[in-house]
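> Need coordinates for the following:
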Amino acid sequence: MSEEGEPKIALTETTKTISTAIHPQFATSEYQLLLTIPRHRPTTTSTKNKQTVPITVHLSTTGPSAALGCFVYSIIDLRDKSQTQQKAQSQIYQTLLNNAEEALVDLTKRLGFLITKKFKVPSYVSISGDGVSIEDFVSLVGDLNKVIDESFD
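Numbers count the residues shown, from 1 in each chain. Just a heads-up that it's a prediction; the model follows:
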């Protein structure tokens, strides 16, 4: 986070990386966020990023020097489905890349699932630090989605 409290933003041709602090409404802690997203909002018909740019989220309660914590990769199956399967939701697959305490694993997997489901792109999600309570998590998800939504070009 910059000295004035404004997020730091780095751009490439296909991605935008944002470093900032977020303060969920009902949370007891401030969270440091490092977010890398496609420059353009992902859509199933997008030709700008062709669904290959994942959303990467790193959340920490202890700042940028925190250990990696729990790290999860999520991917959605967008293959064409038969008419009988079209009503069913697309399947999301997840792989645990770095383990942590069970409660943190559950929250990290849930956050990866929600991001991948909403934006229909793969996601890498890491949560580290002193842990996240369920109460904090609910507010955190809403604020994180808002930051992601507002950050696309």
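
> residue ranges of the strands in this protein, please?
Along the chain, counting by DSSP state E, strands occupy 8-11, 15-22, 31-38, 55-60, 70-76, 92-98, 123-128.

> In terms of mean pLDDT, which of those strands ranks lowest?
With a mean of 90, strand 8-11 has the lowest mean pLDDT of the strands of the chain.

> center of this structure, which residue is that?
The chain has Val57 as the residue nearest its centroid, 4.1 Å off, counting by CA atoms, centre = their mean.

> what's the spacing between that one and Arg79?
Using CB to CB, to the nearest Å, we find Val57 at a distance of 25 Å from Arg79. Just so you know, the C-beta spots here come from the backbone N, C-alpha and C atoms, and that holds for glycine as well.

> In stretch 129-138, which residues are buried?
Across stretch 129-138, burial judged by 16 or more other CB atoms under 10 Å covers Gly129, Val132, Asp136, Phe137.

> Columns distance to Asn145 on top of the strands of the chain, output as TSV?
Converted to TSV, the strands of the chain look like this (distance: least, CB to CB, whole Å):
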stretch	distance to Asn145
strand 8-11	18
strand 15-22	11
strand 31-38	11
strand 55-60	11
strand 70-76	15
strand 92-98	16
strand 123-128	12
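
> nearest to Phe152, of the ones you listed?
Ranking the strands of the chain by proximity to Phe152 (CB to CB) places strand 31-38 first, at 6.8 Å.

> by how many degrees do the closest one and strand 55-60 diverge?
Interaxial angle of strand 31-38 relative to strand 55-60 (axes from the mean of the first three to the mean of the last three CA atoms, to 10 degrees): 170 degrees.

> residues of stretch 102-109 that come out buried?
The neighbour-count check on stretch 102-109 (16+ other CB under 10 Å) flags Leu104, Val105, Leu107, Thr108, Lys109 as buried.

> Sitting in helices, which of those do you find?
Among those, the members found in helices (DSSP state H) are Leu104, Val105, Leu107, Thr108, Lys109.
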